[in-house]
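Novice: below is the sequence, then the predicted model.
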Amino acid sequence: MAIQLFNGALAYLAGQACNLMFQLLLLRALGTQTYGHVGLAHISLTALLFVCDLGYGLYFLREKPNAEHWLKAWRSALGHRLLATLLSFAALAGFWITRYGSADEGLLYLAAAAPAALLALLNFSAPLLAAGRHNAGFAMQQIAWPAAAVCFALTWPLRVQTLSPVLLAGGCVSMGYLIQAAFNLAVIRRWSGKTEIGVRLSTLLTPSFSRSGWRMLKASLTLSMLGFLGVANDRLTAFLIEGTAMGFLPAYLLLGQMLGGAAGMLSQFNRLLVAHAANGQDAASPMRAMAALLLAPLALLLLAVALRCDNGCRDVPSAWLQLGLPVLLDWTLSAVGGGMAAVLIGRRQEKKLARAILFGV
């Protein structure tokens, strides 16, 4: 479990580092003023991709791909996610036009990145993890941003003078998700003949809107709302800053990206824990791995403080403790809460979790 956790965290870290690198390249290409609205469009796109998953990324972590009902459930989920993506993207575009106008650079970025929202549906990370293909499952969800960053870094110096850099950036995002979708399809096709998911690949890509499939949506939406509460707080804060402190917005977006990436490493552990609990396995071993993960930042913080204590800890700047201790506390609470939530979801007890989260809010 510890090795799987390390591989998952490493894959996520690589993907988020490339996401951050993409934004830094974009900031350099556009300048601080233009990047503000394009950066808002960027985090709106990533939030839309999360929301339009409708919780199925968690739902299929606890569903074995060789189960009799799995294919029907997957096709229904694909139909729900497709419909949610189309409606949400149209709503986001309408909001942007109303708030910023039809000539805004952020809307141009969203238009160029629109194919990415559809290509993101071709992601088989959750079924691969549920089937025990951990390395492939982690890797298949972290290809888009490295590919987009490399594409933008290579094409920016060669751009045509008449081509808008915002259009180029959005096009590179779409290209990144196209490459990710191609890798996902290749992995599933290579798996053909070994499991039910590979044998029916053509059917697997056909969405279904059957009436029976809508019953499954209730469970997935419960899972989706649990994560949406946290994402909404993070994303809406950026729009509040845009209206009150525009000069701070680029720094906030980049800082949020780094902190989100750090928290995302814990989410990779929780994805494994969901599949672990869904198989009826004891959670003691994964929780020990999480304890080790929690001790690492604590040890680093104590080491950093000790290195400044040559003449007593009075020499340690108060900023170290003012910033370090709250961040460490937040990391610990997030890790413990996320681990407990993953166990409940894996055991299909998300209603208990929902009541606890709503009470907290």
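Specialist: Received it, and whenever you're ready, just let me know what you need. Numbering: from 1, shown residues only.

Novice: all contacts plus neighbour counts: C-alpha atoms, from now on.
Specialist: Will do.

Novice: if you rank every helix and strand of the protein by mean pLDDT, what lands last?
Specialist: When the helices and strands of the chain are scored by mean pLDDT, DSSP states H and E, helix 196-199 comes last with a mean of 53.

Novice: the helix or strand that it is followed by packs against which elements?
Specialist: Proceeding C-terminally, helix 196-199 gives way to helix 201-204 as the next helix or strand, assigned by DSSP states H and E. Judged by 3 or more CA pairs under 8 Å, 6 or more residues apart in numbering; DSSP states H and E, helix 201-204 is in contact with helix 70-100.

Novice: same question for the helix it packs on: list its buried residues.
Specialist: The neighbour-count check on helix 70-100 (16 or more other CA atoms under 10 Å) flags 70-82, 84-85, 88-89, 92-93, 96 as buried.

Novice: average model confidence for the next helix or strand after that helix?
Specialist: On the C-terminal side of helix 70-100, the nearest following helix or strand under DSSP H and E is helix 105-119. Averaging pLDDT along helix 105-119 gives 92.

Novice: just the CA trace of helix 105-119, in CSV.
Specialist: Extracted in CSV, the C-alpha atoms of helix 105-119 (Å, rounded to 0.1, in the frame of the first residue of the first chain):
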residue,chain,number,x,y,z
GLU,A,105,-10.0,37.2,-23.3
GLY,A,106,-11.2,34.6,-20.7
LEU,A,107,-14.2,33.7,-22.9
LEU,A,108,-11.8,33.2,-25.9
TYR,A,109,-9.7,30.9,-23.7
LEU,A,110,-12.9,28.9,-22.7
ALA,A,111,-13.9,28.6,-26.4
ALA,A,112,-10.5,27.2,-27.4
ALA,A,113,-10.5,24.8,-24.4
ALA,A,114,-14.1,23.6,-24.9
PRO,A,115,-13.1,20.3,-26.6
ALA,A,116,-11.1,19.4,-23.4
ALA,A,117,-14.3,19.3,-21.4
LEU,A,118,-15.7,16.6,-23.7
LEU,A,119,-12.4,14.7,-24.1
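
Novice: quick one: mean pLDDT over the next helix or strand after that helix.
Specialist: Next along the chain after helix 105-119, taking DSSP H and E as the criterion, comes helix 125-130. Mean pLDDT, helix 125-130: 84.

Novice: repeat that for stretch 180-192.
Specialist: Per-residue scores along stretch 180-192 average to 84.

Novice: start at 51 instead
Specialist: In the new numbering, first residue 51, that becomes stretch 230-242.
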